[in-house]
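Visitor: Any chance you can model this:
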Amino acid sequence: MAVKTFLLDFKLDPKECETDEQCLSLLRSVEQELTDWELECSFQTATSDGGFFELLSGPSGLTCTLRLYKAKGFLTLTFERPETGTSRLVCDQTLMELVSRVKKRVSAIDGLHLQPIKRFSDVNPYYGTSGLTCTLRLYKAKGFLTLTFERPETGTSRLVCDQTLMELVSRVKKRVSAIDGLHLQPIKRFSDVNPYYGTSDERILEYDFDKELFSMRTPFQMVQILHSANYGNTLILDDFINLSEADLVYTQTLMRLGKECYADKEILILGGGDGALLHELLKEKPKFVTMVDIDEVVMQQCRIHMRSVCGDVLDNYETENYKIIVGDAIAKMQDYIKEGKTFDYVFGDLTDIPVSATPVGELWDFFRRILGLGIKCLRPDGKYLMHGNGKSSSHSLAMFEKQLELLEPKVKWEKWEEHIPSFRECWVFYQIQLAS
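Guide: Numbering: from 1, shown residues only. Predicted structure coming up:
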């Protein structure tokens with residue numbers, strides 16, 4: 001059994017938490033929101049830096065600590081529970097909903113949730129100098145003990161380096177006769193640019209993002225472009241790394257460059273708003289390429305910030321050898337099917353294969369619909385090429401392949417994989433054809 005820690009951060013207007021009365025009112029507002037999660041306050045105190053610390057507990061071993069950094073207007077929520085807990089706090093969707101609701105309730109300037117931390121019942125909160133707090137959790141049945149320290153980065157506590165943490169681990173391990181003990185890398189919260197994103201199977205990754213070039217929530221998704229010293233400018237959609245300037249290998253692997261001949265072929269791209277696939281395909285001298293993407297903001301910003309990826313293809317939406325359609329890929333494919341229009345190649349460059357316990361729900365329905373319509377747009381010897389998901393998400397990949405077996409008309413497929421630099425994992429790709 002593992003222990004999961006979830007981190008939610010909110011930036012407030014410091015003027016809204018200048019007095020203790022304002023701070024306590026904010027905390028009560030958050031408590032009201034957490035009542036829906038069956039969390040109740042069991043401890044509250046002022047901290048030595050003038051802020052507030054609060055502990056809430058709920059069902060299935062769920063606890064939450066609230067820290068309000070009064071001077072900066074920072075509010076942190078740190079949830080912890082056994083991985084086997086049955087709390088509603090179990091997925092990105094419910095966390096995003098909670099962030100939205102708390103942000104609205106306290107009129108926060110911004111709010112986000114970081115990737116969950118997996119760690120390996122009673123809770124005791126401690127608070128010390130320089131704004132330092134520590135939460136102890138003892139998982140009685142499993143014999144797990146967690147210590148979660150939190151402090152301002154400018155704090156002068158001795159808890160400032162690996163050496164003192166290693167010494168503390170050694171001393172606590174000896175004092176309680178622990179079988180083992182370790183300290184995890186520190187998590188930085190309220191950085192100017194969020195450095196934490198996850199792999200396909202929810203392992204946390206820290207990036208070297210140092211500048212936000214663009215950020216906007218469109219009617220379709222959250223769009224960000226961040227700069228990294230290692231990966232260059234990086235497109236992030238709904239908190240998932242989509243493509244960086246260092247990821248040419250992603251596009252070339254999706255195309256099966258060198259194994260497929262695109263010369264004089266008619267091609268349909270579903271999605272692909274970053275322009276990378278269109279840019280690389282045009283180098284292969286196809287007869288004509290049609291690209292359909294619903295979010296024009298992605299195209300507009302990649303044209304500005306990702307030109308090493310897309311070249312100049314997003315400068316014009318229609319030329320003699322390609323056309324970009326801003327619209328719904330499903331509706332456009334339905335039109336093509338009615339018209340009898342078919343293609344030599346169809347690229348599915350939209351959503352990843354969903355990661356879930358079973359192949360049900362809105363995302364799977366959308367995925368199956370895109371795939372089914374895409375195959376109907378193929379010529380008899382045509383090919384549907386798509387990205388899948390991370391190699392480590394083997395369960396979801398297996399479920400997807402089972403869905404392929406159920407398709408009508410029958411199909412055959414191949415798959416291959418490649419390590420993608422900014423994803424920091426091997427990614428699986430598929431080629432699908434009509435079996436007959």
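Visitor: C-alpha only now, for contacts and for neighbours.
Guide: Noted.
Visitor: Isn't residue 348 up against residue 269?
Guide: Yes. Contact criterion C-alpha atoms under 8 Å: residue 348 and residue 269 qualify, at 6.5 Å.
Visitor: Low-confidence regions, this protein specifically.
Guide: 1, 84-92, 120-130, 154-162 (pLDDT under 70).
Visitor: Which strand runs longest in it?
Guide: strand 378-390 (DSSP state E).
Visitor: Show me what that one is packed against.
Guide: If contacts are counted by 3 or more C-alpha pairs under 8 Å, 6 or more residues apart in numbering; DSSP states H and E, strand 378-390 sits against helix 248-255, strand 343-349, strand 425-434.
Visitor: ok, now with 10 Å
Guide: helix 248-255, strand 266-271, strand 343-349, helix 362-376, helix 394-406, strand 411-420, strand 425-434 (3 or more C-alpha pairs under 10 Å, 6 or more residues apart in numbering; DSSP states H and E).
Visitor: Strand partners (parallel or antiparallel) of the last one?
Guide: It stands for strand 425-434. strand 378-390 (antiparallel), strand 411-420 (antiparallel) (DSSP bridges).
Visitor: The shortest one too?
Guide: Strands adjacent to strand 266-271 in the sheet, as given by DSSP bridges, are strand 288-293 (parallel), strand 343-349 (parallel).
Visitor: send the alpha carbons of the longest one over as PDB?
Guide: Listed in PDB are the C-alpha atoms of strand 343-349, where the atom choice follows Å, rounded to 0.1, in the frame of the first residue of the first chain:
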ATOM      1  CA  PHE A 343      -7.900   9.700 -47.700                       C
ATOM      2  CA  ASP A 344      -4.700   7.700 -48.100                       C
ATOM      3  CA  TYR A 345      -3.600   8.600 -44.600                       C
ATOM      4  CA  VAL A 346      -5.600   9.800 -41.500                       C
ATOM      5  CA  PHE A 347      -3.600  11.000 -38.500                       C
ATOM      6  CA  GLY A 348      -5.200  11.000 -35.100                       C
ATOM      7  CA  ASP A 349      -3.300  13.700 -33.300                       C
END
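Visitor: Could you list which residues are in contact with residue 375?
Guide: 333, 342-343, 345-346, 382-384, 407-409, 411, 432-434 (C-alpha atoms under 10 Å, 6 or more residues apart in numbering).
Visitor: between residue 348 and residue 269, what contacts are shared?
Guide: Common neighbours of residue 348 and residue 269 (C-alpha under 10 Å, 6+ apart) are 329, 374, 384, 385, 386.
Visitor: Using CSV, please lay out these together with distance to residue 61 and neighbour count.
Guide: Formatted as CSV, these follow (distance: C-alpha to C-alpha, whole Å; neighbours: other C-alpha atoms under 10 Å):
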residue, distance to residue 61, neighbour count
329, 44, 22
374, 45, 27
384, 46, 24
385, 44, 24
386, 41, 25
